[in-house]
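*Asks:* Test case, fold it:
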Amino acid sequence: MVQTKDTREVRKGEELDVGKIEPFLRNEVANLPDEELEVRQFGAGHSNLTYELTIGDWEAVLRRPPMGPVAPKAHDMEREYQVLKAIHPVFPLAPKPYVFEKGDLLGRPFFVMERRHGLTFDTKFPDGIEQTAELGRTLSDTMVDRLVELHAIDYTTTDLKNMVKPEGFMERQIHGWIKRYEKARTDDVVSGERLKKWLVDHIPVSDQASIIHYDYKLNNAMFDEQANMVGLFDWEMTTVGDPLADLGAAMSYWIEKDDPELLKTGLGKKPLTVYEGFYTRDEFIEAYAARSGRDLTNINVYVTFAYFKLAGIIQQIYYRYKNGQTNDPRFASMNVFVNNLIKHAEETAGL
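*Replies:* Next comes the predicted model:
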């Protein structure tokens, strides 16, 4: 097996039962080679567990929830599988899903999808790729263009129309994430009361509805050597809702060089968007507005909420760590990042 640099040996305690997975695949996927199944793990990501499956020259990706208890409605593998089935035909950057297993086999549900190959840009430039301002600008342009393209799809032509309820989207989002944050709150993170009140008082009213990825960030995309996007991953949060919520979420991940140090390093090393040539958040927003034709007058509310939502996501992960549901050392100081995200959201709101 050729070992790719984006995978690693499976972490202890997160192994898959190959003896169960291989016969399942042979029963569900046609024309697999005769070689044995080999499994490696993708090292990136802080939530779901993702594995590379290889049988001879056949490759796929298996995605399953994290170990231990998970938050209600989180890590819904069947929903993500159905979302990919609906979106892949109209937006081929979404990987094709192969098969879903409801949990009888491994005790946890999982799905298997196609494997894509290309370049990922996270905290360092891929080997052989030179850091230039032109590359930063091109990647930024591509990210804007693909988001505009996704939002332009008529979701009513897909099976998503039977899975979603776009009416009242932002009201549900804001109240829902306030409840999630409060439920996962530990004694070493702030309450965020001022911010929560501000968000409730500024819930946007919008009649726009489009497919939203809702975890749209540079390291969830894959590119070729000309900086064309060849894959977009992590569709767990995808739904139909206000497209500006998707843009706001994207901006909560889009770190720029003048941001506070703790915002830059909250999830580890600084992302590449701090380098020369990459759009600032304002430039990204302006480019999106020009190319989509949407009114972004209230984008500040969406960005503020996105920082709060990100704080809630990180806090759910930290809650699992603090309660001994995972021992991944990457999660040990995430409470500090949560507190800084709340502070940054307050500053974005002008509080």
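*Asks:* From here on, just use CA atoms for contacts and neighbour counts.
*Replies:* Noted.
*Asks:* longest single helix anywhere in the chain?
*Replies:* Longest helix in the chain by number of residues (criterion: DSSP state H): helix 299-322.
*Asks:* so how far is the very next helix or strand once past that helix from its chain's centroid?
*Replies:* For helix 299-322, the following helix or strand on the C-terminal side (DSSP states H and E) is helix 334-349. Between the centre of helix 334-349 and the centre of its chain there are 19 Å (C-alpha atoms, centre = their mean, to the nearest Å).
*Asks:* what's the answer for stretch 298-318, then?
*Replies:* Distance, stretch centre to chain centre, for stretch 298-318: 13 Å (C-alpha atoms, centre = their mean).
*Asks:* got the contact list for Trp254?
*Replies:* Applying C-alpha atoms under 8 Å, 6 or more residues apart in numbering to Trp254 gives the contacts Lys217, Leu218, Thr273, Thr280, Arg281.
*Asks:* still on that earlier bit, pull the longest helix of the chain out as PDB, backbone CA atoms only.
*Replies:* Coordinates of each C-alpha in helix 299-322 appear next as PDB, following Å, rounded to 0.1, in the frame of the first residue of the first chain:
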ATOM      1  CA  ILE A 299     -23.200  40.500   7.800                       C
ATOM      2  CA  ASN A 300     -21.700  41.600  11.200                       C
ATOM      3  CA  VAL A 301     -24.500  39.800  13.000                       C
ATOM      4  CA  TYR A 302     -23.800  36.600  11.100                       C
ATOM      5  CA  VAL A 303     -20.100  36.800  11.800                       C
ATOM      6  CA  THR A 304     -20.700  37.500  15.500                       C
ATOM      7  CA  PHE A 305     -23.000  34.500  15.700                       C
ATOM      8  CA  ALA A 306     -20.500  32.400  13.900                       C
ATOM      9  CA  TYR A 307     -17.800  33.000  16.500                       C
ATOM     10  CA  PHE A 308     -20.300  32.100  19.200                       C
ATOM     11  CA  LYS A 309     -21.300  28.900  17.300                       C
ATOM     12  CA  LEU A 310     -17.700  28.000  16.900                       C
ATOM     13  CA  ALA A 311     -17.200  28.500  20.700                       C
ATOM     14  CA  GLY A 312     -20.100  26.100  21.200                       C
ATOM     15  CA  ILE A 313     -18.600  23.500  18.900                       C
ATOM     16  CA  ILE A 314     -15.200  23.700  20.600                       C
ATOM     17  CA  GLN A 315     -16.900  23.600  24.100                       C
ATOM     18  CA  GLN A 316     -18.700  20.400  23.200                       C
ATOM     19  CA  ILE A 317     -15.400  18.800  22.300                       C
ATOM     20  CA  TYR A 318     -13.700  20.200  25.500                       C
ATOM     21  CA  TYR A 319     -16.700  18.900  27.600                       C
ATOM     22  CA  ARG A 320     -16.000  15.400  26.300                       C
ATOM     23  CA  TYR A 321     -12.300  15.700  27.200                       C
ATOM     24  CA  LYS A 322     -13.000  17.200  30.700                       C
END
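*Asks:* Give me the helices and strands touching that helix, please.
*Replies:* Contacts defined by 3 or more C-alpha pairs under 8 Å, 6 or more residues apart in numbering; DSSP states H and E place helix 299-322 against helix 169-184, helix 243-253, helix 334-349.
*Asks:* deepest of those helices, which one?
*Replies:* By mean neighbour count, with neighbours taken as mean count of other C-alpha atoms under 10 Å, helix 243-253 ranks first of the helices and strands packed on helix 299-322 at a mean of 24.
*Asks:* what angle do that one and helix 169-184 make?
*Replies:* Using axes from the mean of the first three to the mean of the last three C-alpha atoms, to 10 degrees, the inter-axis angle of helix 243-253 relative to helix 169-184 is 40 degrees.
*Asks:* how about the helices in the stretch 101-250 of the chain?
*Replies:* Applying DSSP state H, counting those that start in this stretch to the stretch 101-250 of the chain gives helices spanning 133-151, 169-184, 193-201, 243-253.
*Asks:* and those helices as CSV, adding mean pLDDT and distance to Gly107?
*Replies:* Shown next, in CSV, are the helices of the stretch 101-250 of the chain (pLDDT from 0 to 100; distance: least, C-alpha to C-alpha, whole Å):
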stretch, mean pLDDT, distance to Gly107
helix 133-151, 98, 34
helix 169-184, 97, 24
helix 193-201, 98, 37
helix 243-253, 97, 32
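*Asks:* closest to Leu232 out of those?
*Replies:* Evaluated with C-alpha to C-alpha, the helices of the stretch 101-250 of the chain place helix 133-151 nearest to Leu232, the distance being 9.6 Å.
*Asks:* what's the angle between that closest one and helix 243-253?
*Replies:* Put simply, helix 133-151 runs at 150 degrees to helix 243-253, going by the same axes, to 10 degrees.
*Asks:* which other helices and strands contact helix 133-151?
*Replies:* Using 3+ C-alpha pairs under 8 Å, 6+ apart, helix 133-151 sits against strand 210-212, helix 281-292.
*Asks:* which helices and strands does the last one pack with?
*Replies:* Under the contact criterion of 3+ C-alpha pairs under 8 Å, 6+ apart, helix 281-292 touches helix 133-151.
*Asks:* Among the contacts of Trp254, which one has the most neighbours?
*Replies:* Ranked by neighbour count (other C-alpha atoms under 10 Å), the contacts of Trp254 have Thr273 at the top, with 25 neighbours.
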